[in-house]
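Peer 1: Quick one, structure for this:
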Amino acid sequence: MVQAFKDHFTEATYRDIASFELKTFEDTVTEDDIWMWIQLIFLPRIYVDRFSNGELRNGTDTHTLLLHNRLTNGFRMTQRRVLNGSNFFCIEREEFIEFSPNCYGRVFLDGRVGDVDESPFFSADGRIEYEYVELDAGFGTWYDIDVGYFQMFDFDKENAELRIQALRDRRWVNEGTAWLRLDFVTFNHNTGLFAHIKFVFDMTNTGEIRPRFEAESLSAVAYGTSKDFARAALELVATLLWFYFLVELITAAVRDARRTGKVLSHFKDFDSIAELIQALVFLVIFVLWMIIVNYPVRDEFVVTTEEISDQEGNQPNFTSLAYHYHNYFVCNACNILLALMRILSFMRINPNISQLSETFSNSRKNIAQFGIVLFLLILCFQLMGHLMFGSSLREFASFDEGFVSTVQIMLGGGSYYDLSRADKIAAPVFYYPFVFIMVLIVFNMTIAIIMDGYDISMEKRKAAKTAHMADLHTKNVFVQTSSGLMRILAPIKGIIPKFLRMKAMDSGEKYDRYEVLDKRQTLALLEPLTLKSRYYDFDEFHRAVNIAAGELEEGMERVSRVDLIFLIDRYMAWEDLDVYDAEREAEKRKKAVKETTKALDTLSTKVALMLRNQQQMNIKVDMIMRSLVIVEREAAELAPPPAPPAVALAACVRPHGRRKVLVAEHAGWRRAGSATTPVLFKELTGGVLAAAASLLVELPAAAASSPACSSEYLVTRVRITESE
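Peer 2: Now for the predicted structure:
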């Protein structure tokens, strides 16, 4: 229905009386185009007073569009205006103001936000004043109030044509107009729907006019037919299921929060976050639907054989209700997307249908990281396109349009010749680097990342088919789905036919699927076997297997103990024993490497400490040697020339075997009364040239009476050697 109205009004052509070219609604670029489209296309197609054979319409056939859609009550025109002199970027220099005194601002959200002008304005001849009006279209909130300068038109075609011409002559649409709308409402009894049709013209302060068509189908009565009541029953079921899902989600979140001590510990993976977002989106959907069902506009209709109007005789104001419907459908679309993502996640239960979800799971991290680079590249080329072609091509005139156009070119859309016609020099500068980088490299890299994820999933599947889990990886999805469905129907197993309850084993024996343990009970008994770190040898593991088999045998009377042990060995050990041993050896090697690394770190610390001590000792030895040199220099200055001959004092040194000793090469003393003079050499510690401790060297009396010792002072030199 909506598409039919769009084609009927926007695809129709008219001939411009000035240029004689054919135009449509989408070709509107000037104020004159707006008025010509209204007078030549809109009015003749909304006021239909004859059948196709020329016969006049009478009674309930009047004012019917497209055979089945009857106009409720004429149409209306609405405009919203922008303030003059409110633009932040207006130049305040007097000469510019004198040249162009008008400076209009900007408005947003259909002319409701920004520099909105709500003051009255006059026609071009100054005789008619147009007032700003607020119409309550719902619950009385800001969102439910329709505002602007309104012009209401009834079913009188001739009067409408005269008024439209008068509005054009009086320049009702002028420089201050920022947003213009023509809308009407039709009713189709075949579907029980109203159609709110809107033709909108966004008029920017740059002189550009952007026409757009909007429409919304609205139910005349929320629940009035058998189909509506059937839909209400399904809505009730969906609401109950959502409530159950929300309770389960909250319960799981609280349980995990208590267990871990973190409030959001449950929402740590993609699936749980998607569940939370879907629950919140459904809550918004539920609130919007309650608003739509209880909207007061439907209760204020005045329905006669001639028209459907509001309490004041005007056409029903569905503006706000149409917005609520639009938001409702957008939220449902988002909910479907989230449901699709969760369905793909559920498909992982069977490897035969999990290729898409596994591929996405394996590559989503790489895609997310590469997406940052991709976004930056697209943003850079979008800015290039905006700077080069923004003034000549609408595709790059704004940020959002430029971004979409850049992505379209990357996917194969767009034309080089369009860019070339706009700027022959800038076109190759933009186009060829873009194609080389974005199309030949980046786009193919994105595909390669996805293919890497697919290869990983295929390798895992191939390995699983040759492992002990091969039975699960070859499971038929229909058999698995039917078995799961039968398990879900366990609460009503009493009414399920016997042939559906029975299940055949590989041996051909049949048993009642509801008389054995369910999955959760079985996993609870087998859970200890999944903790592989408990078992360190083959015997210990099989003792645990025998215990679990004994417990399971009580719940599975028709399954033999041998079969149970086979199942446990095959599925609950999760790994073959040799593989398990290899894992344990790998753990041991990892632990040994860790301990070795720790020992090496300790040894390295000790070696560093020893090196520091050695450096300190070398410094001390060097200081001592420097002191001895100074002593030698001072003694040389005090000795009278010529120096006396050296006196051999080999007998003065006590032997110490292989120890390091001090050997006096020359010795001198101050003449005294005693026959001998004791000389004490203190121990030198910590170096490779350490001397013997407390070495006492006695100078014999013969040396004291030697003629060579007649001088009062002798030169004293001490040499440190290593005695064998």
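
Peer 1: after the helix or strand where residue 96 lies, next one along is what?
Peer 2: If you go by DSSP states H and E, residue 96 is part of helix 94-99. Counting by DSSP H and E, the next helix or strand C-terminal to helix 94-99 is strand 107-108.

Peer 1: could you point out which element follows that next one?
Peer 2: Taking DSSP H and E, what comes next after strand 107-108 is strand 113-114.

Peer 1: what separates that following strand from the chain centre, distance-wise?
Peer 2: Computed by Cα atoms, centre = their mean, to the nearest Å, the separation of strand 113-114 from the middle of its chain amounts to 31 Å.

Peer 1: Which other helices and strands does that strand contact?
Peer 2: strand 107-108 (3 or more Cβ pairs under 8 Å, 6 or more residues apart in numbering; DSSP states H and E). Quick note: C-beta positions are derived from backbone N, CA and C, even for glycine.

Peer 1: Need the three-state assignment for residue 48.
Peer 2: Reduced to three states with DSSP: H, G, I helix; E, B strand; the rest coil, the structure at residue 48 is coil.

Peer 1: That one: how many residues sit nearby?
Peer 2: Residues contacting residue 48 under the criterion other Cβ atoms under 10 Å number 18.

Peer 1: so it sits right up against residue 64, yeah?
Peer 2: Yes - Residue 48 is within contact range of residue 64, at 6.5 Å (criterion: Cβ atoms under 8 Å).

Peer 1: which residues of the chain score low on pLDDT?
Peer 2: 86-88, 138-143, 464-474, 505-509, 516-586, 629, 631-724 (pLDDT under 70).

Peer 1: So in that sheet, which strands flank the top strand by length along it, and in what orientation?
Peer 2: Longest strand in the chain by number of residues, with DSSP state E as the criterion: strand 69-82. Using DSSP bridges, strand 69-82 pairs in its sheet with strand 64-65 (antiparallel), strand 116-117 (antiparallel), strand 145-153 (antiparallel), strand 177-188 (antiparallel).

Peer 1: just to revisit the earlier point, give me the residues contacting the helix holding residue 96.
Peer 2: If you take Cβ atoms under 8 Å, 6 or more residues apart in numbering as the criterion, helix 94-99 is touched by residue 91.

Peer 1: now that helix, how far from the centre of its chain.
Peer 2: In terms of Cα atoms, centre = their mean, the centre of helix 94-99 is found 50 Å from the chain centre.

Peer 1: before we move on, what about stretch 607-614?
Peer 2: Between the centre of stretch 607-614 and the centre of its chain there are 53 Å (Cα atoms, centre = their mean).

Peer 1: Could I have the CA atoms of that stretch written out in PDB?
Peer 2: The C-alpha trace of stretch 607-614 is given here as PDB (Å, rounded to 0.1, in the frame of the first residue of the first chain):
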ATOM      1  CA  VAL A 607      77.400 -13.600  40.200                       C
ATOM      2  CA  ALA A 608      76.500  -9.900  39.900                       C
ATOM      3  CA  LEU A 609      77.100  -9.500  43.700                       C
ATOM      4  CA  MET A 610      80.500 -11.200  43.400                       C
ATOM      5  CA  LEU A 611      81.500  -8.900  40.600                       C
ATOM      6  CA  ARG A 612      80.600  -5.900  42.600                       C
ATOM      7  CA  ASN A 613      82.700  -7.200  45.600                       C
ATOM      8  CA  GLN A 614      85.600  -7.800  43.300                       C
END
